[in-house]
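Engineer: sequence unavailable; structure follows:
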DNA sequence: GCCTTGACAGCACGACCGTTCGTTCTCAGA
DNA sequence: TCTGAGAACGAACGGTCGTGCTGTCAAGGC
């Protein structure tokens, strides 16, 4: 057999992440992606079999990349609050240095009314992320860093909200103060989680 | 002259808001919109002159609708914190009862890397919304409802973050607890704004 | 040496895209 | 009654979309 298919596939997906970050998952077309990778339309198409499958593959690749650059490194931090802050810091660093916006975030608002395999994949990825945040908070409760009556899912919800607002402020408004706004919000949220009820 | 152009234009835009809420602003096509309104493609096209202009018109219509159903009624509430809560409550009611997602929110993450008149229009609309929230908070500070050292822009930023998270939870996850999660978040945010530093 | 296998290219398809153009119809004013 | 403005139509344009079909070329197994 000629070139290994797997490496070509990875090359395609790497380019796809860049293109989709700019034009969204719906704006990603096989023709433009073929041109970006130097492949022919049909040659590229053969790797996925359908546009739906390509979209799912792109989302999975984005999820893997997200886990690899944010979640996995952060999980090396000590259990408890340090791990929660590591997740936040990793996310902040990634969100600010990245050229295009976060594909998964954009897709969340793009696919919310378009049933299909792509949407299903995305729901799972986003749920996992919220669960990761909530689970880290739960551990921090067990370690005594966070108060015992904290609702970890609520904390995850609000953390995620701050991330969404940060993303919009940085990407849409091109506002450099997004990072400091985010840090202030996170600090307030963590302080509230720490504070014991009297 | 035959049928008044303005009423036709309004009909088109009303349909466009529904379609775009489902498939996004980029997924909105002249052909599908013509079919939805019962017009011919060329007949519809003549009302706007270009796809760009149509997108801008749709965004403006969405902005008008947003102001009419949320901002204007809320501004009738008494100055200060009641007005802030009115804005929040109006938004919550609108977000939950609405069939499709919020077009403006979806567009914020769709257009953030696509320069053009549509993006410019959207930036202005979203800035206005954040300014409205911040301004209401500023008034609440002057009325003595909120603490004097509050950062109203930071509050608006965090309020908006909660709205984004609520939107995602309700629309993507179809999670009915989104509303209660939102209310809990808003309550905590307002309590913090109220509390005087000692 | 063939033969299989699999990764790609080339080409063509039907459908739809945004856009243009000429035509038809209907009304308001003269 | 005639005229002209303007709303809407129908057909067509060049492109691009996603998707198939066929062919080519290189690398193993025999």
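Structural biologist: Great, that's in hand. Model, not experiment: these values are computed from the prediction. Residues are numbered from 1 along each chain as shown, chains lettered A, B, ... in the order given.
Engineer: any idea of the mean pLDDT for stretch A:172-180?
Structural biologist: Per-region confidence: stretch A:172-180 scores 96 on mean pLDDT.
Engineer: likewise stretch A:138-155?
Structural biologist: The average pLDDT for stretch A:138-155 rounds to 97.
Engineer: for it, buried residues please.
Structural biologist: Of the residues in stretch A:138-155, A:138, A:139, A:140, A:141, A:145, A:146, A:150, A:152, A:153, A:154, A:155 count as buried by neighbour count, 16 or more other CB atoms under 10 Å in any protein chain shown. C-beta here means a position set from N, CA and C on the backbone, and glycine is covered the same way.
Engineer: between those residues, which is nearest chain B?
Structural biologist: residue A:154 (5.8 Å; CB to the nearest CB).
Engineer: what helix or strand is the closest one on?
Structural biologist: Counting by DSSP states H and E, the element that carries residue A:154 is helix A:152-171.
Engineer: neighbours of residue A:101, just the number please.
Structural biologist: Using other CB atoms under 10 Å in any protein chain shown as the criterion, residue A:101 is surrounded by 22 other residues.
Engineer: not counting sequence-adjacent ones, nearest residue to residue A:8?
Structural biologist: Using CB to CB, 6 or more residues apart in numbering or on different chains and skipping the chain neighbours, the partner closest in space to residue A:8 is residue A:47 (6.8 Å).
Engineer: pLDDT wise, what is the one you found at?
Structural biologist: Residue A:47 is assigned 95 on the pLDDT scale.
Engineer: determine the three-state secondary structure at it.
Structural biologist: Local secondary structure at residue A:47 is given as coil here, using DSSP: H, G, I helix; E, B strand; the rest coil.
Engineer: picking up where we left off before, from the buried residues of stretch A:138-155, pick the one nearest DNA strand D.
Structural biologist: Of all these, DNA strand D sits closest to residue A:153, with 37.0 Å by CB to the nearest atom of the strand.
Engineer: just to revisit the earlier point, next helix or strand past the helix holding residue A:154?
Structural biologist: Beyond helix A:152-171 in the direction of the C-terminus, DSSP H and E gives the next helix or strand as helix A:178-194.
Engineer: flag the shaky bits of chain A, pLDDT-wise.
Structural biologist: For chain A, applying pLDDT under 70 flags the ranges A:1-5, A:196-198.
Engineer: by proximity to DNA strand C, which residue of it wins?
Structural biologist: residue A:43 (2.4 Å).
Engineer: the residue in chain A that DNA strand D sits nearest to sits in which helix or strand?
Structural biologist: Of all residues in chain A, the one sitting closest to DNA strand D is residue A:31 (2.4 Å; CB to the nearest atom of the strand). Assigning secondary structure by DSSP H and E places residue A:31 in helix A:30-37.
Engineer: just how off-centre is that helix within its chain?
Structural biologist: Distance, stretch centre to chain centre, for helix A:30-37: 24 Å (CA atoms, centre = their mean, to the nearest Å).
Engineer: again with stretch A:55-68
Structural biologist: Worked out by CA atoms, centre = their mean, stretch A:55-68 lies 9 Å from the chain centre.
Engineer: returning to what we had before: now check the helix holding residue A:31, is it near chain B?
Structural biologist: No: contact check for helix A:30-37 against chain B, using CB under 8 Å from any CB of the partner chain: none in range, with a minimum separation of 13.6 Å.
Engineer: ditto for stretch A:85-102
Structural biologist: Yes: interface with chain B: stretch A:85-102 contributes A:100, A:101 (CB under 8 Å from any CB).
Engineer: buried set for that stretch?
Structural biologist: Counting neighbours by 16+ other CB under 10 Å, one finds that the buried residues in stretch A:85-102 are A:85, A:86, A:87, A:88, A:89, A:90, A:91, A:92, A:95, A:100, A:101, A:102.
Engineer: just how off-centre is that stretch within its chain?
Structural biologist: Once both centres are worked out by CA atoms, centre = their mean, stretch A:85-102 turns out to sit 9 Å from its chain's centre.
Engineer: residues contacting that stretch, please?
Structural biologist: Counting by CB atoms under 8 Å, 6 or more residues apart in numbering or on different chains, the neighbours of stretch A:85-102 from elsewhere in the structure are A:18, A:21-22, A:69-71, A:73-74, A:76-77, A:132-133, A:136, A:159, A:163, A:166-167, A:170-171, A:178-179, A:182-183, A:186, A:190, B:109, B:112-113.
Engineer: just the buried members of these?
Structural biologist: In these, the ones that pass as buried (16+ other CB under 10 Å) are A:21-22, A:70-71, A:74, A:77, A:132-133, A:136, A:159, A:163, A:166-167, A:170-171, A:178-179, A:182, A:186, A:190, B:109, B:112-113.
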